[in-house]
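Participant: Here is a sequence together with a model predicted from it:
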Amino acid sequence: MKNVQIKVAIVGTGNCASSLVQGIHYYKEMVSGDGVGLMHQHIGAYTPGSIEVVAAFDIDKRKVGLDVHEAIFQPPNCTTTFFPDLPPSGTQVQMGKLLDGYSEHMADYPVDQTFMLADDPEPTMEEVVQTLRQSGTEVVVNYLPVGSEEATRFYAECALQAGTAFVNNIPVFIASDPQWARRFEEAGLPLIGDDIKSQLGATITHRVLTELFKKRGVKLERTYQLNTGGNTDFLNMLNRRRLASKKVSKTEAVQAATAERLDDFNIHVGPSDYVPWQKDNKICFIRMEGLLFGNVPMNLELRLSVEDSPNSAGVAIDAIRCVKLALDRGEGGVLKGPSAYFCKHPMEQFSDDVAYQMVEDFIMEQNGNPN
């Protein structure tokens, strides 16, 4: 009988990791079995409950040394608790590699909003690789803060050396970098990235509306997307120097859906401000201005309010299962369809309709041949 476990290592036990871990157990214990809130209840032989966290890394003294199921509820985590009664996992959060995973400006904020750096010695690459191998990790899931360029490359390298798949949920370009993509392909290890889309968030909504303009013959002249939130992700992004790849990622995701590429002056897509009392609630404002029949002007304004981290976990739980399917099939390199559907900055952009079908075809594929 096929092994139905997927052994995962999480890098960063913040809000997104909290929602993912809660979701694994929520859907495992769900009585109705109807999979409400999931894009896929089954991916191959795998359900959300197939995922097991066997290793975890963090830099916060309130989390390092704790069981994962305890650590995910520690501050500064502030996301919704929808499955609080987690049994001990038996997996202890280990000290991670700091590098550029922490922005210095965060030290100016109250500790319940930001990190408390642990005093534990940072691990070497050899030690992280040993942990991944000894734990039996099959998939490394990257949840580092935006702007963690060096730290992300460190863990991607660890994944390669340990022989694991890699799911890159942040806007550091790994799956969309030809050199990294080639290395994972040569190693026979699957890779999904970069910068995870939410299940129903700002970017996917903006893309769908942009494609609607194109399909209905409405000329899009200018647009913006503004976002506010109160979690550590938004606090981290107050350092605009960490936002270069994030802005590229979000902007290109929308540009890829336009009928005609907009001039830089006419498109603004990106994080906007940190509002502490919003906590993990993200509020998005989208405005689109265009021309209808006869060059008659129109505009559209939308406000979207979502709990940010569960919105992300609804996609990550599918990405993890897709890379496990690829591991089972001996398939390495970037998974094009899943990357395009699940991420803002894949190696190759496709319309969401096409990317969705590519994912369905990938899931149905058996031994390289669609059913």
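Facilitator: Happy to help now that I have it. From a predicted model like this one, the values you see are computed outputs, not experimental measurements. Residues are numbered from 1 along each chain as shown.

Participant: helix/strand/coil for residue 144?
Facilitator: Three-state assignment for residue 144 (DSSP: H, G, I helix; E, B strand; the rest coil): coil.

Participant: Near it, how many other residues are there?
Facilitator: A total of 27 residues lie near residue 144 under the criterion other Cβ atoms under 10 Å. In short, each C-beta sits where N, CA and C put it, glycine included.

Participant: And residue 351, by the same measure?
Facilitator: Other residues lying near residue 351 total 16 when counted by other Cβ under 10 Å.

Participant: Quick check: it touching residue 257?
Facilitator: Yes: contact criterion Cβ atoms under 8 Å: residue 351 and residue 257 qualify, at 6.9 Å.

Participant: anything in contact with each of the two?
Facilitator: Applying Cβ atoms under 8 Å, 6 or more residues apart in numbering, one finds that residue 351 and residue 257 are jointly contacted by residue 211.

Participant: what's near enough to touch residue 111?
Facilitator: By Cβ under 8 Å, 6+ apart, the contact list for residue 111 reads 75-76.

Participant: Regarding it, what is its secondary structure?
Facilitator: Secondary structure, three-state DSSP: residue 111 is coil.

Participant: just the one 10 residues further on next, same as before
Facilitator: The three-state assignment at residue 121 reads coil, by three-state DSSP.

Participant: Where does the prediction get shaky in the stretch 1-150 of the chain?
Facilitator: 1-4, 31-34 (pLDDT under 70).

Participant: Helices of that one, residue ranges please.
Facilitator: Applying DSSP state H, counting those that start in this stretch to the stretch 1-150 of the chain gives helices spanning 15-29, 68-71, 125-135, 149-162.

Participant: So which elements touch the third one?
Facilitator: If I follow you right, that is helix 125-135. Judged by 3 or more Cβ pairs under 8 Å, 6 or more residues apart in numbering; DSSP states H and E, helix 125-135 is in contact with strand 6-11, strand 51-58, helix 149-162.

Participant: Can you say which of these is packed in most?
Facilitator: Highest mean neighbour count among the helices and strands packed on helix 125-135 (mean count of other Cβ atoms under 10 Å): strand 6-11, with a mean of 26.

Participant: and it, what does it pack onto?
Facilitator: helix 15-29, strand 51-58, helix 125-135, strand 139-142, helix 308-329.

Participant: and of the ones you listed, who's closest to residue 41?
Facilitator: Among the helices and strands packed on strand 6-11, the nearest to residue 41 by Cβ to Cβ is helix 15-29 (7.9 Å).

Participant: got the angle for that closest one vs strand 51-58?
Facilitator: Angle between the axes of helix 15-29 and strand 51-58 is 160 degrees (criterion: axes from the mean of the first three to the mean of the last three Cα atoms, to 10 degrees).

Participant: and the angle for helix 15-29 with helix 308-329?
Facilitator: Using the same axes, to 10 degrees, the direction of helix 15-29 lies 70 degrees away from that of helix 308-329.

Participant: can I get the CA coordinates of helix 15-29 in CSV?
Facilitator: Below are the C-alpha coordinates for helix 15-29, written out as CSV (Å, rounded to 0.1, in the frame of the first residue of the first chain):
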residue,chain,number,x,y,z
ASN,A,15,1.3,33.1,11.2
CYS,A,16,1.4,31.2,7.9
ALA,A,17,2.9,28.1,9.5
SER,A,18,0.3,28.3,12.3
SER,A,19,-2.6,28.3,9.8
LEU,A,20,-1.0,25.5,7.8
VAL,A,21,-0.4,23.3,10.9
GLN,A,22,-3.9,24.0,12.3
GLY,A,23,-5.4,23.2,8.9
ILE,A,24,-3.6,19.9,8.6
HIS,A,25,-5.3,18.7,11.8
TYR,A,26,-8.6,20.5,11.2
TYR,A,27,-9.2,18.7,7.9
LYS,A,28,-7.8,15.4,9.4
GLU,A,29,-10.5,15.6,12.1
